[in-house]
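A.B. asks: kindly return the folded structure for what I paste below:
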Amino acid sequence: MDTLVIALRVALSLGVVLALMWVLHRRMQKGQFGASRARGRRAASVEVVGRQAIGGKASVVVVDVDGERLVLGVAEQGVTLLTSGQAPAPELTIVTGPVALPTADAFGAELDRQDQAAPGLPAVATAPADAEGRVTDPLPLRPRGRRAHRTVRAADTRVVPTAAQLQGSILSADTWRQAASVLRSRRTG
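C.D. replies: As a prediction, the model looks like this:
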């Protein structure tokens, strides 16, 4: 009986502590704590333009802060300002007059011109053609990234992907060998 009472008290205490932590977390996210300090200032707009890793734990980061571009070196020891300058202004196109959009006839003529300039996809032999010789049925599509043919074993009907098809995927043995060699090299050096 005493064990049950102690277990219930511990569970209730744990629930109260977790609920208090959740409430404090929500308040911190909304910025209710510390909001009085930042009332008079406007928040700086920070935009990360790019990041390039240099080593295992070092990188160079390009950041725009309120119209100024900063190049920062980020390492395990801290952040170092490498250089700074004026951020480039975004390129804007100003339209001063009406814009003439192509008509449907002009668009169709351009498509025909493009079809005649470069050979397109081969037409399906069984698809009917209209009066101008264009194929009216769409070409059969296959999902992106799939090869048209695969290697099939004669003994069963399962599809066996080739090594080239598996290259870079998690199913490739080469991927696992590379991952193991990277882990081994980090462990030794």
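
A.B. asks: could I get the contacting residues of residue 19?
C.D. replies: Contact partners of residue 19, counting by CB atoms under 8 Å, 6 or more residues apart in numbering, are absent. C-beta here means a position set from N, CA and C on the backbone, and glycine is covered the same way.

A.B. asks: quick one: secondary structure of it?
C.D. replies: On the three-state scheme (DSSP: H, G, I helix; E, B strand; the rest coil), residue 19 is labelled helix.

A.B. asks: cool, residue 15 as well?
C.D. replies: Under three-state DSSP, residue 15 falls in the helix class.

A.B. asks: same deal with residue 27?
C.D. replies: The three-state label given to residue 27 by three-state DSSP is helix.

A.B. asks: what's the burial count for it?
C.D. replies: Neighbour count of residue 27, defined by other CB atoms under 10 Å: 11.

A.B. asks: numbering from 4 from now on, please.
C.D. replies: Sure, I'll start numbering at 4, so the last one becomes residue 30.

A.B. asks: gap between it and residue 168?
C.D. replies: 52 Å (CB to CB, to the nearest Å).

A.B. asks: residue 90: how many residues sit nearby?
C.D. replies: Residues lying near residue 90 (other CB under 10 Å) number 17.

A.B. asks: so what's the backbone phi/psi at it?
C.D. replies: Torsion angles at residue 90 (phi, psi; degrees, to the nearest 10) stand at phi -70, psi 140.

A.B. asks: give the contact list for it.
C.D. replies: Counting by CB under 8 Å, 6+ apart, the residues that residue 90 touches are 67, 70-72.

A.B. asks: does the closest residue to it other than its chain neighbours count as helix, strand or coil?
C.D. replies: Once flanking residues are discounted, residue 90 sits nearest to residue 72: 4.2 Å by CB to CB, 6 or more residues apart in numbering. Under the three-state scheme (three-state DSSP), residue 72 adopts strand.

A.B. asks: also residue 13?
C.D. replies: Going by three-state DSSP: residue 13 is helix.

A.B. asks: distance of it from residue 27?
C.D. replies: 21 Å.

A.B. asks: could you do residue 114 as well?
C.D. replies: From residue 114 to residue 27 the distance is 62 Å (CB to CB).
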